[in-house]
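>>> sequence unavailable; structure follows:
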């Protein structure tokens, strides 16, 4: 994270946001490491399905998947 912050400073102030596209394989100390780096917000997800009224889960895709 130190190297990432140093690299990001070349382009301006680093965004202090953690991003985990997959939550498997993270060490138990990840929250502590992030706090020490000044990161207090995290985005993560995997296999998220649309949730509707009354927490019903739909198999319908709300938006097309990215092709990038």
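Cool, got the structure. Because the structure is predicted, anything quoted here is derived from the model rather than measured. Numbering: from 1, shown residues only.
>>> so where is this protein shaky, pLDDT-wise?
46-68 (pLDDT under 70).
>>> what ranges does it have for its strands?
Here the chain has its strands, by DSSP state E, at 17-20, 41-44.
>>> what sits against residue 5?
14, 37 (CB atoms under 8 Å, 6 or more residues apart in numbering). The C-beta positions use only the backbone N, C-alpha and C, and glycine is treated the same way.
>>> returning to that earlier point: and the strands of the chain as JSON lines, adding mean neighbour count?
Output for the strands of the chain, formatted as JSON lines (neighbours: other CB atoms under 10 Å):
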{"stretch": "strand 17-20", "mean neighbour count": "13"}
{"stretch": "strand 41-44", "mean neighbour count": "11"}
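>>> what would those strands look like in a markdown table with distance to residue 28?
Below are the strands of the chain laid out as a markdown table (distance: least, CB to CB, whole Å):
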| stretch | distance to residue 28 |
| --- | --- |
| strand 17-20 | 14 |
| strand 41-44 | 15 |
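>>> nearest to residue 26, out of the ones you listed?
Closest of the strands of the chain to residue 26 is strand 17-20, at 6.9 Å (criterion: CB to CB).
>>> what pairs with that closest one, parallel or antiparallel?
strand 41-44 (parallel) (DSSP bridges).
>>> now tell me what touches the partner strand from outside.
Contacts for strand 41-44 (CB under 8 Å, 6+ apart): 16-23, 34.
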